[in-house]
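J.: here are the coordinates; sequence isn't available:
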Ligand code: NAD
């Protein structure tokens, strides 16, 4: 018997083909948008702390830049594959288009496990990644950003390497920089807050009073924590979060009937988002199997960890009470699970709309870096709210008008915008 492994690019293609049918795209446009325009794979030699040399595999995929320079994060992950990067680059194209910012879609990655690397080794990987690709990216070509297991420090090492190679100051080369060196206020909160804004609007549309709702969250990293913070500020209660336990090589759910204490949990979480089980138990949390977060009896599910988490196999275990799924992660729901959610009339805030707050603020950062003039935090968060809310309203309107799911509506808007840009440029 052969076991079929999950391929994110196949999933991204499937989603795209479905929308290409809805939009009636011609063959040339399908061929252009269905594959990346450019992709690069390269070796990054790194001298390790013990004196040996390791060769790490790096990637950059530029899916489409018809609407502007490519934009997309760099992931450091032991299971990174070119197909994951391709899928994420394609999703970035749709994400920038759905929030209507003038950027295209790219993504990068390195196969490595930061859990087992020293700071010096990580710095060498960051600098090595830039050295291999520095002529093919840049403020007017393709602008990287942080993603899973990379952070502002990684971005600063990358910027420093880029500026060394190109002999000048190019703060607009990369986003997600530390606020003290060219970063934007609000960037670290942007994806999580940006998810909470359309969630707030969705609750309004479904006549749900936030203070009467409960949520269960997968993950306890950057996206999860700031989504929880804003959702709690709106009055909502989070009863379950989950995280990856590096030692055990498994995930764990942390449940508290009367609601989690965000600050207390954050204090017992390591820098990669892993929650200390022993200390969580001492704080009164029930320690449950990793997959339990999805079965909780709540109104809202927020997958904010990894792709391929809500599948045809486990979608049936979602509680009947769940009304909204707000996708913080990229690609957390497979098309098979999507069919179940549509059938059950669960309102989905699709990933590339729901988590577009990060790239929107990255765009604000790039604008500020390029003008070398920086805005205050309130101004940025208010611009972010406006952008996310208006994108949400556009998607809801198309969903209602065409009687299609929120995911399809988001795709219709974004693929339509990118296809139009390709036509206007005379590419297809
Ligand atoms: P992160 O590394 O800060 O946190 C990831 C969290 O998920 C950690 O708490 C980790 O323990 C947990 N986790 C990992 N595997 C898990 C599993 N199998 N089960 C349960 N928990 C698990 O990452 P992040 O920046 O919060 O990103 C999370 C997701 O959001 C990713 O899909 C990423 O691509 C997407 N995303 C991130 C941003 C951003 O700005 N950070 C923007 C858009 C999308």
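T.: Structure's in. What do you need? Since we're looking at a predicted model, the values are computed, not measured.
J.: only C-alpha atoms for contact and neighbour calcs from this point on.
T.: Fine.
J.: excluding its backbone neighbours, what's nearest residue 287?
T.: Using CA to CA, 6 or more residues apart in numbering and skipping residues adjacent in sequence, the residue nearest residue 287 is residue 254, 5.1 Å away.
J.: from residue 426, how far off is residue 38?
T.: Distance from residue 38 to residue 426, counting by CA to CA, to the nearest Å: 19 Å.
J.: ok, the two, which is more surrounded?
T.: When residue 38 and residue 426 are compared on other CA atoms under 10 Å, the one with more neighbours turns out to be residue 38, at 12 against 8.
J.: for the nearest residue to the more buried one once chain neighbours are set aside, what are its contacts?
T.: Excluding the flanking residues, the one nearest residue 38 by CA to CA, 6+ apart is residue 62, at 5.1 Å. Residue 62 makes contacts with 36-39, 70, 89, 105-107, 142, as judged by CA atoms under 8 Å, 6 or more residues apart in numbering.
J.: ok, and the most crowded of the residues you listed?
T.: For those, the largest number of neighbours (other CA under 10 Å) sits with residue 106, at 33 neighbours.
J.: that one in helix, strand or coil?
T.: Secondary structure, DSSP: H, G, I helix; E, B strand; the rest coil: residue 106 is strand.
J.: wait, it sits on residue 70?
T.: Yes: between residue 106 and residue 70 a contact is recorded at 5.2 Å, counting by CA atoms under 8 Å.
J.: shared neighbours of those two, which are they?
T.: Common neighbours of residue 106 and residue 70, counting by CA under 8 Å, 6+ apart, are 62-64, 93, 142.
J.: which pair of those residues spans the longest distance?
T.: By the measure CA to CA, 93 and 142 form the most distant pair in the shared contacts of residue 106 and residue 70, at 12.0 Å.
J.: which residues do these two both contact?
T.: By CA under 8 Å, 6+ apart, residue 93 and residue 142 have these common neighbours: 70, 106.
J.: residue 222 against residue 192, yeah?
T.: Yes: counting by CA under 8 Å, residue 192 is a contact partner of residue 222 at 7.2 Å.
J.: more neighbours: which of the two?
T.: Neighbours of residue 222 and residue 192, each counted by other CA under 10 Å, are more numerous for residue 192; the result is 28 against 21.
J.: what's the closest non-adjacent residue to the more buried one?
T.: Closest residue to residue 192 apart from its sequence neighbours, by CA to CA, 6+ apart: residue 227 at 3.9 Å.
J.: what is the burial count for the residue nearest to residue 221 when sequence neighbours are not counted?
T.: Closest residue to residue 221 apart from its sequence neighbours, by CA to CA, 6+ apart: residue 273 at 4.6 Å. Counted by other CA under 10 Å, the residues lying close to residue 273 total 21.
J.: residues contacting residue 273?
T.: Contact analysis of residue 273 by CA under 8 Å, 6+ apart lists 219-222, 243-244.
J.: and residue 376, what is it in contact with?
T.: Residue 376 is in contact with residue 185, counting by CA under 8 Å, 6+ apart.
J.: do you know how far it is from the ligand?
T.: Between residue 376 and the ligand the distance is 19 Å, computed by CA to the nearest ligand atom, to the nearest Å.
J.: check what pLDDT whichever residue of the stretch 51-200 of the chain sits closest to the ligand gets.
T.: When distances are taken as CA to the nearest ligand atom, the stretch 51-200 of the chain reaches nearest to the ligand at residue 148, 4.4 Å away. Note for residue 148: predicted pLDDT of 86.
J.: let me know the secondary structure of it.
T.: At residue 148, secondary structure determined by three-state DSSP is coil.
J.: surely it is in contact with residue 79?
T.: No: under the criterion of CA under 8 Å, residue 148 lies out of contact with residue 79, with a separation of 11.7 Å.
J.: and the stretch 101-250 of the chain, which residues reach the ligand?
T.: With the criterion set to CA under 6 Å from any ligand atom, the stretch 101-250 of the chain comes near the ligand through 147-149, 191, 218-224, 242-244.
J.: got a list of what residue 313 touches?
T.: Contact criterion CA under 8 Å, 6+ apart gives residue 337 as the residues in contact with residue 313.
J.: any stretches of the stretch 1-150 of the chain with poor pLDDT?
T.: Applying pLDDT under 70 to the stretch 1-150 of the chain flags the ranges 1-4.
J.: how far away is the residue of the chain most remote from its centre from residue 57?
T.: Computed with CA atoms, centre = their mean, the residue of the chain farthest from its C-alpha average is residue 51, at 35.4 Å. Distance of residue 51 to residue 57, computed by CA to CA: 19 Å.
J.: what comes up buried for stretch 14-29?
T.: By neighbour count, with 16 or more other CA atoms under 10 Å as the criterion, the buried positions of stretch 14-29 are 15-17, 19-20, 25, 29.
J.: please list which of those are also close to the ligand.
T.: The subset of those within reach of the ligand, by CA under 6 Å from any ligand atom, is empty.
J.: next, the residue nearest to residue 192: secondary structure please.
T.: State at residue 227, reduced to three classes by three-state DSSP: helix.
J.: confidence score at it?
T.: 98.
J.: the strands in the protein, which residues?
T.: Under the criterion DSSP state E, the chain contains strands at 38-47, 53-64, 70-77, 104-111, 142-146, 214-218, 237-245, 250-255, 286-289, 300-303, 324-326, 347-349.
J.: can you tell which of those is closest to residue 311?
T.: For the strands of the chain, distance to residue 311 was read as CA to CA. The smallest value, 11.9 Å, belongs to strand 300-303.
J.: contacting residues around that closest one?
T.: For strand 300-303, with CA under 8 Å, 6+ apart as the criterion, the contacting residues are 213-219, 224, 294, 309, 322-329, 332.
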